[in-house]
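Asker: what follows is a predicted protein model with its sequence.
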Amino acid sequence: MEQIIRIAVQKSGRLSDDSLSLIKECGIKFYNGTGKLKSTSTNFPIEFLFLRDDDIPGYVADGVADLGIVGQNEVVEKDKNVTTMKALGFSKCRLSLAVAKGQEYNGVEFFEGKNIATSYPKILGDYLKSQNINADIHEISGSVEIAPSIGLAEGICDIVSSGSTLMMNGLKEVEEIFKSEAVLIANNNLSDWKKEIAEKLLFRINAVQKGKSNKYVLLNAPNASIEKITSLIPGMRSPTILPLAQEGWSSVHSVLNEDQFWENIEELRAAGAEGILVVPIEKMIL
Ligand SMILES: Nc1ncnc2c1ncn2[C@@H]1O[C@H](COP(=O)(O)OP(=O)(O)OP(=O)(O)O)[C@@H](O)[C@H]1O
Ligand SMILES: O=P(O)(O)OC[C@H]1O[C@H](OP(=O)(O)OP(=O)(O)O)[C@H](O)[C@@H]1O
Ligand SMILES: [Mg+2]
């Protein structure tokens, strides 16, 4: 049997572009023409299934797919037995309760005995239980934000990111109940060789993610400041220091987390650093 692993990704929607970009950044090539629901990579032993995101946890649990990229919200909602291998850092959103903007709201007790429309009955049900609230959960599959204005429910529980959908529909967010981002999930019983391929994919994903959060920094500094600057940007093992053509000056090259760079920028400049260049890193393997 050909040793190939199957990964389920969303066909089109909030997860698909970033899922496919991540795969491409991992150096994995595949054809992704419109309408094609299955595709095999030409340079990595992986086959892609393009599916509705709601179906991905179930397919991975059943072993129809070995891996999947899906929102944590769907993994928890579908309550399937799968292993979460890695949080991927995109499609970040939250599940929140919302009510009409003009509604007086003094706490979660508001929802006692009320109707709440949602596409996430399990996550909402678990939350209400944890708060000792009895409410009627009205399950609908989309356009949840319309529910209060058509008299279907007094509140909703849906995905919020910027909050603009809530605002446009005259609603206000009152409780955040779940935080989500895209995750890589795996079937619980992968064979040894499938595990090996999954680990190779994970290795590449880690290299891409580390590269993204770090920057290659080059700067010029007077030799007298090198010690101070080295302490501010210590790099992976230690910075590279090269002499400039101009006597008494060096070029310092280092790698550092972007947040750390911005935190240290004033101190670097105060120490005499100038001509600072910050360059993106494509992959980073420690
Ligand atoms: N506005 C948003 N910002 C960030 N992430 C989001 C946003 N909306 C949804 N997500 C995340 O992306 C996932 C997919 O959202 P999308 O709206 O594409 O789902 P869908 O309409 O159910 O798609 P499908 O047609 O595949 O069933 C959600 O489960 C959630 O994890
Ligand atoms: O807080 P916001 O930034 O406005 O994002 C939240 C909205 O995004 C998602 O819908 P999407 O736009 O993906 O459409 P869909 O309902 O067709 O999935 C989600 O279902 C919310 O309605
Ligand atoms: Mg869906």
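Answerer: Yep, it's here. Ligands and ions are numbered 1, 2, ... in the order given.
Asker: pull the number of nearby residues for the closest residue in space to residue 60 that isn't next to it in sequence.
Answerer: The spatial neighbour of residue 60 that comes closest, neighbours along the chain excluded (Cβ to Cβ, 6 or more residues apart in numbering), is residue 68 at 4.3 Å. Just so you know, the C-beta spots here come from the backbone N, C-alpha and C atoms, and that holds for glycine as well. Other residues within reach of residue 68 by the criterion other Cβ atoms under 10 Å amount to 31.
Asker: show me the contacts for residue 68.
Answerer: 7-9, 56-57, 59-60, 82, 184-186 (Cβ atoms under 8 Å, 6 or more residues apart in numbering).
Asker: which among those residues end up buried?
Answerer: Of all those considered here, the ones buried according to neighbour count by 16 or more other Cβ atoms under 10 Å are 7-9, 56-57, 59-60, 82, 184-186.
Asker: return the closest of those with respect to ligand 3.
Answerer: Compare each of those with ligand 3 using Cβ to the ion and the shortest gap goes to residue 56, at 9.1 Å.
Asker: go ahead and confirm the closest one touches residue 65.
Answerer: Yes - between residue 56 and residue 65 a contact is recorded at 7.2 Å, counting by Cβ atoms under 8 Å.
Asker: following the chain onward from the lowest-mean-pLDDT helix or strand in the chain, which element is next?
Answerer: Here the helix or strand of the chain ranked lowest by mean pLDDT, DSSP states H and E is helix 258-270, holding a mean of 91. The element immediately downstream of helix 258-270 (helix or strand, assigned by DSSP states H and E) is strand 274-280.
Asker: between that next one and helix 258-270, how many degrees?
Answerer: When axes from the mean of the first three to the mean of the last three Cα atoms, to 10 degrees is applied, the directions of strand 274-280 and helix 258-270 differ by 170 degrees.
Asker: could you give the average pLDDT over strand 274-280?
Answerer: Across strand 274-280, the average pLDDT comes to 96.
Asker: can you show me the CA trace of stretch 71-87 as CSV?
Answerer: Backbone C-alpha positions of stretch 71-87 (Å, rounded to 0.1, in the frame of the first residue of the first chain) are rendered in CSV as follows:
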residue,chain,number,x,y,z
GLY,A,71,-11.4,25.6,14.6
GLN,A,72,-11.1,24.5,18.2
ASN,A,73,-14.8,25.5,18.5
GLU,A,74,-15.8,22.7,16.1
VAL,A,75,-13.6,20.2,17.8
VAL,A,76,-15.2,20.8,21.2
GLU,A,77,-18.7,21.2,19.8
LYS,A,78,-18.6,18.0,17.8
ASP,A,79,-17.1,16.2,20.9
LYS,A,80,-15.3,13.6,18.8
ASN,A,81,-12.3,11.6,20.0
VAL,A,82,-9.4,13.2,18.3
THR,A,83,-5.9,14.4,19.3
THR,A,84,-5.1,18.1,19.1
MET,A,85,-1.5,18.2,17.8
LYS,A,86,-0.9,21.9,17.5
ALA,A,87,-2.6,25.3,17.8
